[in-house]
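sequence and computational prediction follow.
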Amino acid sequence: GDSVTQMEGPVTLSEEAFLTINCTYTATGYPSLFWYVQYPGEGLQLLLKATKADDKGSNKGFEATYRKETTSFHLEKGSVQVSDSAVYFCALSMSGGSNYKLTFGKGTLLTVNP
Amino acid sequence: DSGVTQTPKHLITATGQRVTLRCSPRSGDLSVYWYQQSLDQGLQFLIQYYNGEERAKGNILERFSAQQFPDLHSELNLSSLELGDSALYFCASSPHPWGGDEKLFFGSGTQLSVL
């Protein structure tokens, strides 16, 4: 079945450091790919998405590019802030089917220190 | 604030008991999704409803059931509770019957502790 594998955390960085969180997927077709973020005590929020190969999703300084050849969707940010501390989830969905579900990775906890 | 409301925020109960978790979707959203988040399993899709009808089923146990009412709120019923059912249960909503590339809006979750 469809699955998402993301790098295990926790990841601890200093403010203004470069961030990469790796995500790879397994799917039978051509999924849409997402990054969701969960701040402490809150529900998940969509951070960015990409719906086809070579698309780049971006939001709040975060970017991820849909790479079909490597089945990857790595999250990057050039300069992290303390306020970016959260759990980040990579996810996929298969478009157009009636049995829709969003399949998530296990999440990566990011802590940014001042 | 996502606009999705879940109650209660915390629930503590004993093994063998039955509980009901409630979710009110964003205004105008017809689809409701339930997810279970635990440390070992991560975020697992349980079930989806659209406009009162079950639309998709995931890893939902037979001891669990859900429904969506005419006013579009949803309830997740968990019975014969076991220690392993302790988890954070999220509800999410979206406007459409199936997602694909659309965005889900998540509530803040109900933390269930089974003692």
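That came in fine, so what should we check first? Numbers count the residues shown, from 1 in each chain, chains lettered A, B, ... in the order given.

does the one helix or strand in chain A whose mean pLDDT sits lowest reach chain B?
In chain A, no helix or strand scores lower on mean pLDDT, DSSP states H and E than strand A:103-104, which sits at a mean of 88. Yes - residues of strand A:103-104 contacting chain B under CB under 8 Å from any CB of the partner chain: A:103-104. The way it works is simple: take the backbone N, C-alpha and C, and place the C-beta from them, glycine included.

sheet partners, orientation included, of that strand?
Sheet pairing here is set by DSSP bridges, and for strand A:103-104 it gives strand A:86-94 (antiparallel).

so who does B:L81 touch?
B:13-19, B:63, B:114 (CB atoms under 8 Å, 6 or more residues apart in numbering or on different chains).

element containing it?
Using DSSP states H and E, B:L81 is not contained in any helix or strand.

any idea how far it is from chain A?
When distances are taken as CB to the nearest CB, to the nearest Å, B:L81 and chain A turn out to be 23 Å apart.

what helix or strand is the residue most central in space within chain B located in?
In chain B, the residue lying closest to the centroid (CA atoms, centre = their mean) is B:W34, at 3.0 Å. Assignment of secondary structure by DSSP H and E places B:W34 within strand B:31-38.

now stretch B:82-95: average pLDDT?
Computed over stretch B:82-95, the mean pLDDT rounds to 94.

ends of it, what's the gap?
The stretch stretch B:82-95 measures 34 Å between its terminal residues, going by CA to CA, to the nearest Å.

just the ones in strands from the contacts of B:L81, please.
The subset of the contacts of B:L81 located in strands under the criterion DSSP state E comprises B:13, B:19, B:114.

which one of the residues you listed sits closest to chain A?
Looking at the ones in strands among the contacts of B:L81 and their distance to chain A, the nearest is B:V19, at 19.5 Å (CB to the nearest CB).

ok, how many other residues are close to that closest one?
Around B:V19 sit 18 other residues, with neighbours defined as other CB atoms under 10 Å in any protein chain shown.

now for it: which residues touch it?
Each residue near B:V19 by CB under 8 Å, 6+ apart is listed here: B:11, B:13, B:77-78, B:81, B:112.

which one (most neighbours) among those?
Neighbour-wise, the contacts of B:V19 (other CB under 10 Å) top out at B:L78, 24 neighbours.

that residue contacts B:I60, doesn't it?
No - in this structure, B:L78 is not within contact of B:I60 by CB atoms under 8 Å, at 10.1 Å.

confidence score at A:S95?
pLDDT, the model's per-residue confidence, is 59 for A:S95.

where along chain A do the strands fall?
Applying DSSP E to chain A gives strands spanning A:3-6, A:11-14, A:19-21, A:23-26, A:31-38, A:44-50, A:56-59, A:62-65, A:75-77, A:86-94, A:103-104, A:108-113.

dump those to a markdown table, plus mean neighbour count.
Shown next, in a markdown table, are these (neighbours: other CB atoms under 10 Å in any protein chain shown):
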| stretch | mean neighbour count |
| --- | --- |
| strand A:3-6 | 18 |
| strand A:11-14 | 14 |
| strand A:19-21 | 17 |
| strand A:23-26 | 18 |
| strand A:31-38 | 25 |
| strand A:44-50 | 21 |
| strand A:56-59 | 14 |
| strand A:62-65 | 20 |
| strand A:75-77 | 20 |
| strand A:86-94 | 23 |
| strand A:103-104 | 22 |
| strand A:108-113 | 17 |
